[in-house]
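A.B. asks: have a look; sequence and predicted model below, questions after that.
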Amino acid sequence: MLVAAAVCPCPPLLVPEVAAGAAPELDAARAACTDAIGVLAASRPDRLVVVGPAEQQDRGPHAQGARGSFRGFGVDLDVRLGEAPADDGGAGTGEATERRLPVPLAVAGWLLGRTEWSAAPLEGLGVGEPLAPERCIQLGGEIAARADRVALLVMGDASACRTLKAPGYLDERAAGFDADVARALAAADVAALKALDAELAQELKAAGRAPWQVLAGAADGAGLRGELLFDDAPYGVGYLVAAWS
């Protein structure tokens, strides 16, 4: 059963080494993410599942201790998704290190590393933008049934079309879409997340749509309460942080 969830954005710029001189601009977002992950730890889960968007080659499960890197952004920084399993010995071998993390899960690994996560075993799951809402919801239900007390860390950005300089240029529909998502996250409104328009989300380059709908499936019937901790659109991309418990 789902007992808590944290929703965080996943831009590499959250990592100060990647953001470099622009790092202070996302200090508030980083602090909100830390607070949201604190809610997960406080829920005393039996298992944490980290869900985030992924390209086709990176979709599917990623084991605890899997490695990610920000070298593609010119930064000599590697991370793990939680501590490596004891049988891995930190040697870089074994199942946990066979698959490289997609960037959103690498960002999650960096966030968890800041909090020195040790509250429960964890695993990662990369989901693709084309995944149908119905399948996302079904997948969330399956995740929630994996343990008596399951927590979710849900990575994903809102629209990337909020300004003329945004990655997706300006789309007048973007602000309204993001506001609807923000309201749903603030209220832990499972029905509203389930009803998100996948086609519109794709047009607005909202990579969080599929992970949010996995959350909706996992939270169905859990009776959680939501709190919106951050809502802004630096660089024309919607970044939302929320905690459900």
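C.D. replies: Structure's in. What do you need? Residues are numbered from 1 along each chain as shown.
A.B. asks: how distant is stretch 47-65 from the center of its chain?
C.D. replies: Its chain's average C-alpha position is 10 Å from that of stretch 47-65, according to C-alpha atoms, centre = their mean, to the nearest Å.
A.B. asks: tell me how far the ends of that stretch are from each other?
C.D. replies: Stretch 47-65 has an end-to-end distance of 14 Å (criterion: C-alpha to C-alpha, to the nearest Å).
A.B. asks: buried stuff in that stretch?
C.D. replies: Of the residues in stretch 47-65, 47-54, 58, 62-65 count as buried by neighbour count, 16 or more other C-beta atoms under 10 Å. Every C-beta, even on glycine, is put in place using the N, C-alpha and C of the backbone.
A.B. asks: what mean pLDDT does it have?
C.D. replies: Averaging pLDDT along stretch 47-65 gives 96.
A.B. asks: skipping adjacent residues, who's closest to residue 239 in space?
C.D. replies: Excluding the flanking residues, the one nearest residue 239 by C-beta to C-beta, 6 or more residues apart in numbering is residue 9, at 3.9 Å.
A.B. asks: I'd like to know how many residues surround the one you found.
C.D. replies: 26 (other C-beta atoms under 10 Å).
A.B. asks: I figured it hits residue 234, correct?
C.D. replies: No: when contacts are counted by C-beta atoms under 8 Å, residue 9 is not listed as touching residue 234 (9.8 Å).
A.B. asks: quickly list what's touching both of these two.
C.D. replies: Counting by C-beta atoms under 8 Å, 6 or more residues apart in numbering, the shared contacts of residue 9 and residue 234 are residue 29.
A.B. asks: which residues of this structure fall in helices?
C.D. replies: With helices called from DSSP state H, the chain shows them at 16-19, 27-42, 103-115, 133-144, 174-187, 190-194, 198-203, 209-219.
A.B. asks: of these, which approaches residue 157 most closely?
C.D. replies: When these are compared by C-beta to C-beta, helix 103-115 sits nearest residue 157, at 8.6 Å.
A.B. asks: ranking the helices of the chain by burial, who's on top?
C.D. replies: Mean neighbour count (mean count of other C-beta atoms under 10 Å) peaks for helix 209-219 among the helices of the chain, with a mean of 29.
A.B. asks: so what touches it?
C.D. replies: In this structure, residues lying in contact with helix 209-219 by C-beta under 8 Å, 6+ apart are 2, 5, 7, 51-53, 125, 127-129, 131, 133, 136-141, 143-144, 150, 152, 154-156, 181, 184-185, 188, 190-191, 193-194, 196, 198, 201-202, 244.
A.B. asks: mind listing what the spatially closest residue to residue 36 that is not a sequence neighbour touches?
C.D. replies: Nearest residue to residue 36 in three dimensions, chain neighbours excluded: residue 6, at 3.6 Å (C-beta to C-beta, 6+ apart). For residue 6, the contacting residues are 33, 36-37, 39-40, 151-154, 241-244, by C-beta under 8 Å, 6+ apart.
A.B. asks: so which pair among these is furthest apart in space?
C.D. replies: 151 and 241 (15.5 Å).
A.B. asks: so these two - more neighbours on which side?
C.D. replies: residue 151 (29 against 25).
A.B. asks: hang on, that one packs against residue 3?
C.D. replies: Yes: look at residue 151 against residue 3 with C-beta under 8 Å: they come within range, at 6.2 Å.
A.B. asks: hey, what's in contact with both of these two?
C.D. replies: 43, 45.
A.B. asks: nearest residue to residue 165 other than its sequence neighbours?
C.D. replies: Per C-beta to C-beta, 6+ apart, closest to residue 165 is residue 236, 5.6 Å.
A.B. asks: and the one you found, how far is that from residue 161?
C.D. replies: 7 Å (C-beta to C-beta, to the nearest Å).
A.B. asks: what do those two both touch?
C.D. replies: Contacts common to residue 236 and residue 161, judged by C-beta under 8 Å, 6+ apart, are 167, 168, 170.
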